[in-house]
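S.K.: Predicted coordinates and the sequence they were generated for:
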Amino acid sequence: MTTHSVAAPDADAGARVHAVRHRYARRGDRATVRGRAYAAYLVALFGLIYLVPVFYAASTSPALVSVGSSADATPVACALAAAACWGAQLAGRFWGPLVIQPFLLYVFMSTDLSPASYLGAIARRRLVYAGAATLVTACAAAYLTTDLFDRLGTALPGLAAAVGLGAFAAVAWLWGQVRAVPDNLALASGAGAMALVVAAPSRLAPGGGGGLWLLALVLAAGAAALGRAALRSIRTVDLARLARESARASQARAYAWTGTLHHALDLYRPEPRGLTSALIRSGGLLRGYLAQGATRALRTLGRAIAAVASLLIGGAVLALGAAGPEGGPALFAWMAGAVGVYLGSGWVSETWRGLRDELTLPPLFGERWGGTLARTLTWPVVAVTAGACLGGGLALLAPWPWRGAPVADAAPLVAGSVVLALGARFLREMKLHLPLELLLPIVTPLGDLSGLRIVAWQFDGVVAVVIGVATMNAVPSALGAAALGIGVAACCVWMGLRRTGWAHRGLLSRLGRGENGRATRGSSR
Amino acid sequence: MTNFPVLAADGATVTLDDTTLLAPTTFAVLPGEFWCVTGSNGSGKTTLLRAFLGSRSLTAGSCSVRGEPVDMAKPRHRRLVASLVEPIPVARDMTLREQVTLVAASWYGNAPEAAERAERVIERLGLPALGERFPHQVSSGQLQLFSLALTLVRPADAVLLDEPERHLDSHRVGLVATLLAERARKGTAFLVATHEPALVEACEGRVELG
């Protein structure tokens, strides 16, 4: 049974693809009409109860941010367009529009069909969905937070720019998946340059009102050109890579649906490469804890660079927010900076997982005093502290015009926020499986809020940082706020230890055993 | 059958830093021949199969299928080569029969021929009683037979198999060896990495690595 017995590849490609889709659509647990109707009913109910009141409140109250004229809004829209393009490209590298069920992909991959014949239609459909979702999200966010849609003079060009943004972001998503890294760098650079070029005239001539129209035009033209090239590239997509991405996405989806998003995210950690003999000195001795942590971080170079950038920028934004005047955007900057430090603290080190494993798995390492903590926490704590303090210090020493508080007041706030971020990271990294009690209903006049609790559990580190910073902001004294931040961090550490099954007494007795053992060994010598 | 090799390696070598994953290897498999690749763990059996599959690049030498360099992106390569080298991602919500038939339909369309071919392979591998089961309802040996069915239900000029005897008892290994030999007689070339003496005995040529 060789391939001479079957028709030429493209003779009946459409019929073969249709045959596979037809059979696959009739599989066991496909979505039923009733299931889809129920999902639509839930979405409608959610919209009626939560979204309609929010939109009504936004329409009857003054806007949070006033965009002014169309020319004033253009630079912000250009920045958003560039950020959306970069984000979409990045998303495409990990989870692009061509990702499908692994088995279905295997079936198609094991044929001689061109990928365009079975992935093209899926890609087009998903691009339409992604573009529409981006358009709706951008318009909703603009409506809720700005006065862009209050006047016809800004509403129409704003809507046109949003349509262009949706189309461009959707195409960039596909581009990120199907094109090689150099092509993606070219697009990212081009998007940044385009944003600068379109924004420049509106800055130079504030009276000109065509900035948003120009942006919409550029985005639409870019989407058309890029879309054509990206869809053509589907024919030559790297199928082996797509199979790996699809398998990983399928596994991640299963984790996410079963409530363990952190396991899903773990699947997207990069594989370590290089520096394979850097941990052991030529004499056979292991290097110190700091050198070990740094070496292990550098084995995933891209992640380490992201961590350094996140820590430096997060530290700077955090310091500017903490030193900024009361109210206004300073609090948002403080929160955003703290979240940046929190994210960087995870990317900078793999040893958090080592700590969790040592606390939860059967013992492998010895119980020498401080061994576990020193082995696993030295590097992340030092790296996060150094990175955030460097970024924050540079930001505080620079002569920013909008700084409100003196350095002496801002420093304790920065220190407290960094400790808070470390505590939140500890809490997040000690997470194991979804506790069953989280599934119990929380009955309130607003309905069952157990879903909200599960979402909070999934993103508990970010939630802890945001709530912690908001609480610190409410304390009038800088030292008091810093002490509060440290207290919240201590609570996070305590809760993290409880997650691993180590109540503080158990941990102390374990460490005590280690200390006693060392003392015993010392006296017997 | 022609004497033009279906699979040919000419000094195929893979090295990673200072480690040799596949020492220089040269051989050719003609249409209808059943060849085995043997050798100790780490000698490069799977690496060689991956090189023919196109998922592993060579650092020296060449591998070709029907005289053309290996390239998984080319439809012709995917048309000629079937493989069970990487684990097959099965659909948990489809029965074994449905999945084998789906692969057949991807080649023969939604025609009775697809169902017939699927049924024939299922029968030959001793799976008819399990056809209505889902993947989680069968043993690891039965899953291996199912993976072989998914691989063998499609037409191919060359079939690459990595340890097809995995999890199988001697009776099932015999079934597989007979099926492969029959298929080879119809013109398909086989390259099988194995530690199983029964398969080695059944083969017509052998590449010894390491």
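M.R.: Received it, and whenever you're ready, just let me know what you need.

S.K.: Residue B:10 against residue B:60, yeah?
M.R.: No - Residue B:10 is beyond contact range of residue B:60, at 10.0 Å (criterion: Cβ atoms under 8 Å). Every C-beta, even on glycine, is put in place using the N, C-alpha and C of the backbone.

S.K.: more neighbours, the two?
M.R.: residue B:10 (15 against 12; other Cβ atoms under 10 Å in any protein chain shown).

S.K.: CA atoms only: put the lengthiest helix in chain B into CSV for me.
M.R.: For chain B, the helix that runs over the most residues, judged by DSSP state H, is helix B:170-185. In CSV, the C-alpha atoms belonging to helix B:170-185 read as follows (Å, rounded to 0.1, in the frame of the first residue of the first chain):
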residue,chain,number,x,y,z
SER,B,170,5.6,-11.8,22.2
HIS,B,171,2.3,-12.7,20.5
ARG,B,172,1.6,-9.1,19.6
VAL,B,173,5.2,-8.6,18.5
GLY,B,174,4.6,-11.5,16.1
LEU,B,175,1.4,-9.9,14.8
VAL,B,176,3.2,-6.7,14.1
ALA,B,177,6.2,-8.4,12.5
THR,B,178,3.9,-10.3,10.2
LEU,B,179,1.9,-7.1,9.2
LEU,B,180,5.1,-5.2,8.5
ALA,B,181,6.5,-8.0,6.4
GLU,B,182,3.3,-8.2,4.4
ARG,B,183,3.2,-4.5,3.9
ALA,B,184,6.8,-4.6,2.8
ARG,B,185,6.0,-7.2,0.2
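
S.K.: Check what contacts it and list those residues.
M.R.: For helix B:170-185, the external contacting residues (Cβ atoms under 8 Å, 6 or more residues apart in numbering or on different chains) are A:1, B:32-34, B:124-126, B:141, B:145, B:148, B:152, B:159, B:161, B:164-165, B:168, B:190, B:192, B:196, B:198-199, B:202.

S.K.: Which elements pack onto the next helix or strand after that helix?
M.R.: Toward the C-terminal end, the helix or strand that comes next after helix B:170-185 (DSSP states H and E) is strand B:189-193. Contact partners of strand B:189-193 among helices and strands, from 3 or more Cβ pairs under 8 Å, 6 or more residues apart in numbering or on different chains; DSSP states H and E: strand B:19-29, strand B:34-38, helix B:45-53, strand B:158-162, helix B:170-185.

S.K.: Mean neighbour count for those - can I get that in CSV?
M.R.: Output for those, formatted as CSV (neighbours: other Cβ atoms under 10 Å in any protein chain shown):
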stretch, mean neighbour count
strand B:19-29, 17
strand B:34-38, 22
helix B:45-53, 24
strand B:158-162, 25
helix B:170-185, 16
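
S.K.: Output these as TSV; include the columns mean pLDDT.
M.R.: Shown next, in TSV, are those (pLDDT from 0 to 100):
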stretch	mean pLDDT
strand B:19-29	94
strand B:34-38	95
helix B:45-53	95
strand B:158-162	95
helix B:170-185	92
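
S.K.: Looking at those, spot the one closest to residue A:459.
M.R.: Proximity to residue A:459 (Cβ to Cβ) singles out helix B:45-53 among the helices and strands packed on strand B:189-193, at 39.7 Å.

S.K.: Name the surrounding residues that touch that closest one.
M.R.: In contact with helix B:45-53 (Cβ under 8 Å, 6+ apart) are residues B:7, B:9, B:12, B:14, B:21-22, B:25, B:37-39, B:56-58, B:63, B:65, B:70, B:72, B:81, B:83, B:85, B:158, B:160-162, B:191, B:193, B:207, B:209.

S.K.: Contact partners for the nearest residue to residue A:153 once chain neighbours are set aside?
M.R.: For residue A:153, ignoring the flanking residues on the chain, the nearest one in space by Cβ to Cβ, 6 or more residues apart in numbering or on different chains is residue A:70 at 6.4 Å. Residues near residue A:70 by Cβ under 8 Å, 6+ apart: A:153-154, A:157-158, A:209-212.
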